[in-house]
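*Asks:* Show me the folded form of this:
(chains A, B and C)
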Amino acid sequence: MKARVIVYALLTAYAVLSLYPFLLMVSGALKDAAEIRLDGHLIPSDPTLSTLARTWNELHFFTYFGNSLIVTGLTTVGVLVVYSLAGYAFAVLRFPGRRVLYGMFLALLFVPGITMLLPVVILQQKLGLIGTFPGIILPFVNGTAPLSIMLLTNSFRVVPAELKESARCDGAGELRTFWSIYLPVGRPALITIALLTAVPTWNEYVLTRVSLNNAAQYTLPLALQNLNSSTSPQENVLMAASLIIVIPVIILFVLLQRYFVNGLQGAVKG
Amino acid sequence: MGTKWCGGRVLAVVAALAMVTTACGGGTGSGDGTTLSMWTFKQTHVKALEAAAAKFKARTGITVNVSAYTPDDTFTSKVQSAAASHNVADVLEVHAAGEDRVLGGAGITSDLAGDVNDQYKSRFLKGTADTGLITDQVYQDSLKPKSTDPGVQKGQLLSIPFTAGTFGVIYANKDLLTAAGIDPGKAPASWQELISWLAATHAKDAQNGGITIGLKSSSTGLDWAMEPLAFALLGPQAFHDLYGADKSKAWGSANGQKVLEQYNQLTPYWTPGTQTLGIDDADRAFAQGKAAFDIGGTFTISAIQQNGMDPAKILSFPIPAPEGSVAKDFKLAPFALTGLAVSAQTPHRDAALKWLDFLTQPEQAGAFAQSALDLPGTDLGANAEKLVGPYLSSMEAAFGAGDSAWNPGDSTFKGSTWDIQVAGDILVKMSPLKELDPAATNQQLAVYNNSVHSGQ
Amino acid sequence: MASRFRSREALTGYAFVLPAVALFAIMGLYTVGYGLALSFARWNGFTPTWTWVGLGNYLDLIYRDPAIAPVVQGAALRTLVVMIAVPVLTVLVSFPLAAALNHITRLRSTFRTVFFLPQVTAGIALFYAWTYALQPDGSLNYILRHLGLGSIAQPQGWLGNPGTALPTLIVVMVLGSVPVAMLLYLTGLQSIDQSVLDAAKVDGAGGLRAMTSIIWPLLLPITGAVVMLNLRFALQDFQTFLLMTNGGPGGHTLVLGLESYNLAFVSGFKPTLGLSSALGWILFVVALLLAALNLRLLRSRA
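*Replies:* Here you go, the predicted model:
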């Protein structure tokens, strides 16, 4: 019994720590301009929604939300298409150079993002893609290659060979086999990869910042940064804007976390 | 370029994704007909520039599209990558006395010497017209292996002034001065008096009675506060020698020690956490009454006003010279903060030059000043007060020129790889962090200064 | 017949990996090659030509340039601190958390969801909230003072005191990396055969002893994976530093990734792009060595 109390106390303490920044966002967003100047007390004495309302208007949320959605959505779809094909090939098909290629993708895991940043920007320019969504989507997709290929190859490997043979006997071509047998089996891994891609892409800041330069194309993190640097707002506005930006992610995560958790766990076991 | 990408067979799958968005168009071209594009790194200038563009269009039929890329590093990477494919805007608002030369030396922007004669130059504030000029000294420096602006040619004029101003201006909150028993009617006569004011406001309210500056960019402490102080204290020659190769006069010498001891008097009075504040954060804190003093430049007033502080409650003055200073009648020299440059590739050079001319004429410059709350490089003369308000115009009156005026735009006497951030970090370790005393700070600056001279 | 079949299979294989390889060839190989070439040159990003300097950039960074090498060495030391602290703390926090979660049934998924929030929202918004919490008159100091712990409060702000700035950033990073580690441990714990635990109980091993002497060794591969992931994260992450302190105060949180970013994008037009690139490659080599070392250690244990 005592052990259980300690366990719950430990978990609750860590939960409070995890929630702390979000409590601050809520607390800050509910304060008005005068109260935010006082000390850092958490509970607003006179909560107001006007800061949130004003920030909502200033932020042009839907424009930037739409941009974030396009970038994140296309990146995720791109990753799923490109690397499930590759994962199938690595897991199932035999062809010369297979191991070398696989190793090459894994090595990419260790190339620091900062090493690629400048060449990527210059490459975007050469391809005429600077300041465009494909200009950031393509490097984002490529950046997930090591993890995606690893997880998908592993998850396709566990499909019993007999399944494939029986499909073959039914006269199914390679694409049919891939589509109707392997993809359904790999569903948990695909969902995991989708989430592992979507979350960091949604939050990405550095490459987006140096590539996108037309304010109409900004993603939400850039819009937040722009709000901060162009108007130097008070902290209540900043917290309100931050809150507005994290809420969709939190909702999405809460809805999809089952897949996230199961997928990650599956990936480890696989 | 865009078409090649979209038509590429190799990446059919990926390209298909790309088609969904509208992105095949490639970069922002220079436009066609008489449409000019202009890039700036100042968000606060966009509205004023757009208003000017509307008038310009009515007068000449030429359209100007203005885009801002902020913050500075975004602008830099934008121009950097656009330069790689010769896709730069027709007109650029650039950092004067630096970026203009880098771009000109690289052949990205063009020489304006033939288009801007002496009469043209006479419209600018005294001492700013030749900011973009490649003097013999600048040219000689550009030949060194690690120079920042290789490729410049003697006599080139690579930008004309657009906005001007200077560093080393202190803003004080009159209410807090009064509360501490100080007469806010006139500026402190000396550095010592300023320190005594700080002691008074700080004693009154330790939390909100201090002085602030955006030390998250550590270089601000160096070139907005310490350098004007050093210039006043030592006089021009000895100040320049601090950055020279002669160790008996440079950092590490008695002169350096003297400067740092004076500057260190600020240490007890910084507002808590000043070292974590960005430039905008510091101005906001001051406007909110969280600091009694704010160190900045002429441009700081617009940030303070934007944060809702009534200008009537502000006393502003240049950093006061310490008693016994060498530079008698110490003044701040205005220098061009930003300049206008014209792309070397523009097919509309004449239109671009017309736009430059239009922007820098007194009438338009005044309208710009009023709208952007920024001091133009154009001399507004008698209209100044009406156009830019009493604060900027009184500052304009306090400007000086010549040898006894400190010109923060002049860095020719420093080693070419001198990095204000590295030096600024050393200074921050002394004040406000108190990790180094003035002697140790002097020593570290000496080591750094020597390394700059030996490394180039 | 067999060989024809195999060549068809090979062709199909190539077709299936083609999109990935093509993308890699352009976005990966090109940028890697470009970056590598640039690391042997001096360039300010604007001039039409590069000046080749051979290994000069690497030597300048490591020891030769008296103006840059000390800055890089300081940053390397701080990076090393982060690389040790983040993985170790992540393991020390996430393993007990996973064990605790495994121990309970009620509220398990609620706790898990809450723990994950700092990970899925990691980015600029979260950093702004932390920065706001950590300032001199911010929430953290307020709470400490009201709990009677005013002596721990930081009057200069948690990011303003050189002694607390780096540790604070490390804590923020750890909060972001604990969730995935915790989940991996939880998976490991759930896959341990119940009979192993029962056997331990028969031997009289108490809860804590069973944890350290039986379960912990069984989960070593997971620890290896966690350490690996976080070494990489600690070496490469500079966004936290860029947004929260920009290397301050007085350079006390300048790490190698941020220095590389500064050399590339905020160098005041100095010809330092090659230096930036060289620094990136030094990071790559270090990451590779660490990965190899980690793999070796794991193998020798197993």
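
*Asks:* Go ahead and confirm A:F65 touches A:P248.
*Replies:* Yes. Using Cβ atoms under 8 Å, A:F65 is in contact with A:P248, at 7.1 Å. C-beta: built from backbone N, CA, C; applies to glycine.

*Asks:* Show the contacting residues for the most centrally placed residue in chain C.
*Replies:* Nearest residue to the geometric centre of chain C (Cα atoms, centre = their mean): C:F233, 1.5 Å. By Cβ atoms under 8 Å, 6 or more residues apart in numbering or on different chains, the contact list for C:F233 reads C:86, C:173, C:177.

*Asks:* Regarding the residue most central in space within chain B, what is its secondary structure?
*Replies:* By Cα atoms, centre = their mean, chain B has its centre lying nearest to B:L337, at 4.6 Å. Under the three-state scheme (DSSP: H, G, I helix; E, B strand; the rest coil), B:L337 adopts strand.

*Asks:* In what element of secondary structure is residue 226 found?
*Replies:* Went with chain A since none was named. helix A:220-231 (DSSP states H and E).

*Asks:* Hmm, no, I was thinking of chain C.
*Replies:* Using DSSP H and E, C:V226 maps to helix C:220-236.

*Asks:* Same question for B:L229.
*Replies:* Using DSSP H and E, B:L229 falls within helix B:227-242.

*Asks:* Just give the number of residues close to residue 54.
*Replies:* Let's take chain A. Using other Cβ atoms under 10 Å in any protein chain shown, A:R54 has 14 other residues around it.

*Asks:* you looked at the wrong chain, it should be chain C
*Replies:* 9.

*Asks:* Show the contacting residues for it.
*Replies:* Per Cβ under 8 Å, 6+ apart, neighbours of C:G54: C:F40.

*Asks:* in a helix, that's where it is, yeah?
*Replies:* No. Read with three-state DSSP, C:G54 is coil and lies in no helix.

*Asks:* Distance from the chain centre to stretch C:81-94, please.
*Replies:* Going by Cα atoms, centre = their mean, to the nearest Å, the spacing between the C-alpha centre of stretch C:81-94 and its chain's C-alpha centre is 10 Å.

*Asks:* What residues of it count as buried?
*Replies:* The neighbour-count check on stretch C:81-94 (16 or more other Cβ atoms under 10 Å in any protein chain shown) flags C:82-83, C:85-87, C:89-91, C:93-94 as buried.

*Asks:* Sort out which residues of the helix with the most length in chain A are buried, please.
*Replies:* In chain A, assigned by DSSP state H, the helix with the most residues is helix A:235-269. Buried residues in helix A:235-269, counting neighbours by 16+ other Cβ under 10 Å, are found at A:235-246, A:249-250, A:252-253, A:256-257, A:259-261, A:263-268.

*Asks:* Any stretches of the chain with poor pLDDT?
*Replies:* Using chain A. A:1, A:213, A:230-232, A:263, A:265-270 (pLDDT under 70).

*Asks:* Actually, chain C is the one I wanted.
*Replies:* C:1-6, C:200-207, C:268, C:301-302.

*Asks:* ok, 80 please
*Replies:* For chain C, the stretches flagged by pLDDT under 80 are C:1-6, C:45-48, C:193-213, C:265-270, C:291, C:294-295, C:297-302.

*Asks:* Can you tell me the closest non-neighbouring residue to B:N383?
*Replies:* For B:N383, ignoring the flanking residues on the chain, the nearest one in space by Cβ to Cβ, 6 or more residues apart in numbering or on different chains is B:G366 at 5.9 Å.

*Asks:* B:V259 reaches B:F231, doesn't it?
*Replies:* No. When contacts are counted by Cβ under 8 Å, B:V259 is not listed as touching B:F231 (9.4 Å).

*Asks:* Tell me how far B:D437 lies from A:I245.
*Replies:* To A:I245, B:D437 is 45 Å away according to Cβ to Cβ, to the nearest Å.

*Asks:* whoops, A:A15 was the one
*Replies:* 22 Å.

*Asks:* What are the structural domain limits within chain A?
*Replies:* A:1-48, A:60-269 (automatic domain parsing).

*Asks:* Same list (those domains) but as JSON lines, adding distance to B:K331.
*Replies:* Output for the domains of chain A, formatted as JSON lines (distance: least, Cβ to Cβ, whole Å):
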{"stretch": "domain A:1-48", "distance to B:K331": "36"}
{"stretch": "domain A:60-269", "distance to B:K331": "30"}
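
*Asks:* can you tell me which residues contact residue 177?
*Replies:* Defaulting to chain A. A:164, A:167-168.

*Asks:* Actually, chain C is the one I wanted.
*Replies:* C:86, C:90, C:119, C:229-230, C:233.

*Asks:* can we see that at 10 Å?
*Replies:* Neighbouring residues of C:S177 by Cβ atoms under 10 Å, 6 or more residues apart in numbering or on different chains: C:86-87, C:89-90, C:93-94, C:118-119, C:122, C:226, C:229-230, C:233-234, C:237.

*Asks:* same thing with C:A37?
*Replies:* Counted by Cβ under 10 Å, 6+ apart, C:A37 has contacts A:119, C:50, C:52, C:274, C:277.

*Asks:* next one: B:L198
*Replies:* Contacts here follow Cβ under 10 Å, 6+ apart; on that basis B:L198 touches B:172, B:180, B:188, B:209-211, B:265-266, B:268-270, B:292-293.

*Asks:* Could you rerun that using 7 Å?
*Replies:* B:211, B:269, B:293 (Cβ atoms under 7 Å, 6 or more residues apart in numbering or on different chains).

*Asks:* for C:V255, same thing?
*Replies:* Residues counted as contacts of C:V255 (Cβ under 7 Å, 6+ apart) are C:75, C:78-79, C:82, C:238, C:241.

*Asks:* Write out the residues of chain B neighbouring chain C.
*Replies:* Proximity of chain B to chain C, by Cβ under 7 Å from any Cβ of the partner chain, involves residues B:10-11, B:13-14, B:73, B:76-77, B:80, B:83, B:98-99, B:102-103, B:106-108, B:146, B:148, B:150-151, B:216, B:218, B:272-273, B:275-276, B:417, B:422, B:425, B:428-429, B:433, B:435, B:448, B:451-452, B:454-455.
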